[in-house]
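1. Could you look at this predicted model? Sequence included:
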Amino acid sequence: MKRQVDLFPVQQVLLYAYHLLQGADDDRCSNMSIDKWVKFWSKKAIKYHLPPPRKEKKMVRPKSTHNPLGDITTHKRWSIAEEALFEKLCIEGNPKEEVCLAAYLVCWLCTFVLLSKDVNSIRPSTFKMASMMASDRRVSLAIPLLASIYEGLNNIATSSRPARTSPFSVHFVYAWLASYFKTHYPVWQGLHGPKMTRFSGEGGAKYYDPQEACKWIHKAEFVFWACNMIVKNRPFKFIDNGDAEELDHDYFIAIHSSYLTLCQCYKFIIEPYSPHRFECQFGYFQDVPGILKYDIRAASLKEGLRYWRLCVLSKSSSKVWLLGLPTNTKKFCSEAYKTWWAKVHGTFLDDNIACLISPKPTKITIKHKNMRTSKLMLEDEIQSIDANEEFETSHSWTTTPPFGMGLKGKQLPQPPAVSVLEGESFLFSHHKEFLQKMWSDLLVKISNTPVDFLLSIEDDVSFILESMKNFHKFDITKVEKSLNTFFVKVRAYDEAMSLSSQNLSRSLHEQYLNKAKAHLQDVQAKASEGASKVQSIMDELEHIEKEIVALKGRRTSLCAALKEQKQLNHDAQVKVHEVEEDIATLDNTAPLDDAIVEDSKANLEIFEEDLKSLKPFA
């Protein structure tokens, strides 16, 4: 029997529209194109047109970026064509806007976020995510998106024909380069409407020749490593107990090792995530990176879901120190790391720059011997570090950590001596041990139970005895008889206690009653006092919550002002850099000699007089 799958109402409409379009297509086995999907949903005139062809080698940011203005006008009413579409899809009432938004979010997810080998095709697997986003539910895209990027980069690095590898969202890689290496001009902050991007538009990328671009990134002279750090006045200790702010918790997820998951059809694509390989990015001291112990690249749906939950695990009681902004990130590298990097890198980039910048396919020169030597150097370096340092972990993960900091040699285990397995005696001995352990635990349970509560466990003891009877080779009649006799005496004791409590004398009864009433008055007084304290605390808490709301509003405004000031400061630095370049250009230009200018002018006047006196047609 198949399990019933619950669908969102918007998701049902999207699936119905998808099958409706597939049914109208002659080739029902072909994929649904994004162009066909957009034409089905879009019934209005085109608002934004294609930008003009790009002009290469621009030295400054152009005045016009050809970006959309970002104006979102108020929706007035649906057109006749749109109403006909909704009637065809059996949509009534408020879900119309939500359905349209989800339909366009599907295009965005398939085209720009979660790409697959079926480029420019609509995938029904994105309908649920788009429906959740359209209904204002939060959806985490960072993990599957990063897994898609890692997979695409790995395919390019390992493929003999990189141009034919699986696609991925490379524009996010461009944004990463722009953030860390300042390779793009930022979007003008005076743009009217919402700023959905920081780097975009025609002419957004700065111009470098191939050699300069490689050196710019390789030497990292203009890298801003700490652009994604949480800027605090001082280091603070983060405890994953569920009480932290959302930003701090998301940052904590980003700095611990895990496996990134990307669900595609009936399997999960897994990509290892090792943030310790770029510790400088988070303000930590960069040391020699470790070796990946478990290189997992694919998993079933069940295993993939487990990796996802481990990646976003919350309330793990883990502890970590989140550092403040370092004064100079370039110095945050150990000497061991610098030595290792010099040995591993060598002249690889210099030898293959021509291959990187050539539009034609060329063969990268890889010296396998050097690559193997580099790996051995890394292993030797890590083993020396492991010998001198001890690493302590304070997290509470329940699975084996996927990433190791070193390699340890292992010897092949010796096979044990072969023994003859006797099945009947083997089972008999293990059944005997099991019954002995069960009887021992039962005696402990009985001895730890107060006398007045022994009757409450009689049913449990009877159930255990019935379970023991299933082992037919053992006679438990003696045990059963002893326990029955024991509980007969327990019932006799309970009856005696009941009769004694019913036959209390009048004076003793009044004494107990007065004592109970006095105790009731004391309890009521304490309860009244506690209620007044609770009300006082609630009033104080309400006052504090109002102050917190006010402080949060002030914090939001200050964060916005800080962000704006940072952007202004960044723009000013860019202007300073441009002016310095102009000054350098002027300094390198030699001024003209005045004597040369006067001689040229005199010769020009003489030649002009000669032209006037010339009469070729006299």
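-> On my side now, so go ahead.
2. what's the span of stretch 451-461, first residue to last?
-> 15 Å (C-alpha to C-alpha, to the nearest Å).
3. again with stretch 86-98
-> 12 Å.
4. Contacts for that stretch, please.
-> Stretch 86-98 is touched from outside by Pro9, Val10, Val13, Tyr16, Ala17, Leu20, His75, Trp78, Val99, Ala134, Ser135, with contacts defined as C-beta atoms under 8 Å, 6 or more residues apart in numbering. All C-beta atoms are positioned from the backbone trio N, CA, C, and that covers glycine.
5. Tabulate these (CSV), appending neighbour count.
-> CSV is the format used below for those (neighbours: other C-beta atoms under 10 Å):
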residue, neighbour count
Pro9, 12
Val10, 24
Val13, 23
Tyr16, 14
Ala17, 22
Leu20, 12
His75, 9
Trp78, 15
Val99, 23
Ala134, 23
Ser135, 15
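6. show me the contacts for Arg123.
-> With C-beta under 8 Å, 6+ apart, Arg123 has these contacts: Cys110, Ser116.
7. Let me see the confidence value for it.
-> According to the prediction, Arg123 has pLDDT 89.
8. Any chance of the backbone angles for it?
-> For Arg123, the backbone dihedrals (degrees, to the nearest 10) come out as phi -110, psi 120.
9. And it, how far from Pro167?
-> 13 Å (C-beta to C-beta, to the nearest Å).
10. Need the overlap of contacts for those two.
-> Ser116.
11. still on that earlier bit, show me which pair in the contacts of stretch 86-98 is furthest apart.
-> Leu20 and His75 (24.5 Å; C-beta to C-beta).
12. how about stretch 427-442: buried residues?
-> If you call a residue buried by 16 or more other C-beta atoms under 10 Å, then stretch 427-442 has these buried ones: Leu435, Leu442.
13. Repeat that for stretch 137-156.
-> In stretch 137-156, counting by 16+ other C-beta under 10 Å, buried: Ile143, Pro144, Leu145, Leu146, Ala147, Ser148, Ile149, Tyr150, Glu151, Gly152.
14. Spit out the contact partners of the third one.
-> If I follow you right, that is Leu145. Leu145 neighbours (C-beta under 8 Å, 6+ apart): Val113, Leu114, Ser169, Phe172.
15. picking that back up, just put the buried residues of stretch 137-156 in TSV and tack on pLDDT, distance to His431 and secondary structure.
-> Below are the buried residues of stretch 137-156 laid out as TSV (pLDDT from 0 to 100; distance: C-beta to C-beta, whole Å; DSSP: H, G, I helix; E, B strand; the rest coil):
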residue	pLDDT	distance to His431	secondary structure
Ile143	91	49	helix
Pro144	91	50	helix
Leu145	92	55	helix
Leu146	92	53	helix
Ala147	92	49	helix
Ser148	90	54	helix
Ile149	92	56	helix
Tyr150	91	52	helix
Glu151	89	52	helix
Gly152	88	57	helix
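16. What is the nearest of those residues to Val444?
-> For the buried residues of stretch 137-156, the nearest to Val444 is Ile143 (47.6 Å; C-beta to C-beta).
17. ok now do the closest one, which residues does it touch?
-> Leu260, Thr261, Leu262, Trp308, Cys311, Val312.
18. wait, what's in contact with the last one?
-> When contacts are counted by C-beta under 8 Å, 6+ apart, Val312 is found next to Ser140, Ile143, Ile253.
19. try it again with 6 Å
-> By C-beta atoms under 6 Å, 6 or more residues apart in numbering, no residues touch Val312.
20. again, but for the first one
-> Neighbour list for Leu260: Ile143, Leu146, Ala147, Glu271, Tyr273 [criterion: C-beta under 6 Å, 6+ apart].
21. I'd like these written out as CSV, with distance to Lys293 added.
-> CSV is the format used below for those (distance: C-beta to C-beta, whole Å):
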residue, distance to Lys293
Ile143, 21
Leu146, 21
Ala147, 19
Glu271, 15
Tyr273, 14
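22. thought Leu105 was touching Lys128?
-> No - if you go by C-beta atoms under 6 Å, Leu105 and Lys128 don't touch, sitting 11.2 Å apart.
23. Looks to me like Leu247 is in a helix.
-> Yes - assessed by DSSP: H, G, I helix; E, B strand; the rest coil, Leu247 belongs to a helix.
24. count of residues packed around Gln511?
-> 12 (other C-beta atoms under 10 Å).
25. Revised request: answer the last question for Met32.
-> 21.
26. where's the residue nearest to it when sequence neighbours are not counted relative to Ala17, distance?
-> The spatially closest residue to Met32, leaving aside those adjacent along the chain, is Ile122, at 4.2 Å (C-beta to C-beta, 6 or more residues apart in numbering). Ile122 sits at a distance of 10 Å from Ala17 (criterion: C-beta to C-beta).
27. got it, and Ile457?
-> In terms of C-beta to C-beta, Ile457 sits 62 Å off from Ala17.
28. quick check: mean pLDDT across the one helix or strand Ala342 maps to?
-> Using DSSP states H and E, Ala342 falls within helix 335-345. For helix 335-345, mean pLDDT rounds to 80.
29. Give me the buried stretch members for that helix, please.
-> Tyr337, Trp340, Val344.
30. Can you show me the helices along the stretch 251-400 of the chain?
-> 301-311, 335-345, 348-351, 353-357, 368-388 (DSSP state H, counting those that start in this stretch).
31. go on, the stretch 401-550 of the chain?
-> Going by DSSP H, counting those that start in this stretch, the stretch 401-550 of the chain shows helices at 423-448, 458-468, 477-502, 506-587.
32. In JSON lines, list those helices along with distance to Leu109 and mean pLDDT.
-> Converted to JSON lines, the helices of the stretch 401-550 of the chain look like this (distance: least, C-beta to C-beta, whole Å; pLDDT from 0 to 100):
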{"stretch": "helix 423-448", "distance to Leu109": "55", "mean pLDDT": "79"}
{"stretch": "helix 458-468", "distance to Leu109": "54", "mean pLDDT": "80"}
{"stretch": "helix 477-502", "distance to Leu109": "65", "mean pLDDT": "77"}
{"stretch": "helix 506-587", "distance to Leu109": "28", "mean pLDDT": "84"}
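33. out of those helices, nearest to Ile34?
-> Closest among those, using C-beta to C-beta: helix 506-587, at 34.2 Å.
34. Okay, domains of this protein per the record?
-> By the assignment in automatic domain parsing, the chain contains the domains 1-50+79-138, 140-187+204-407, 436-445+453-499.
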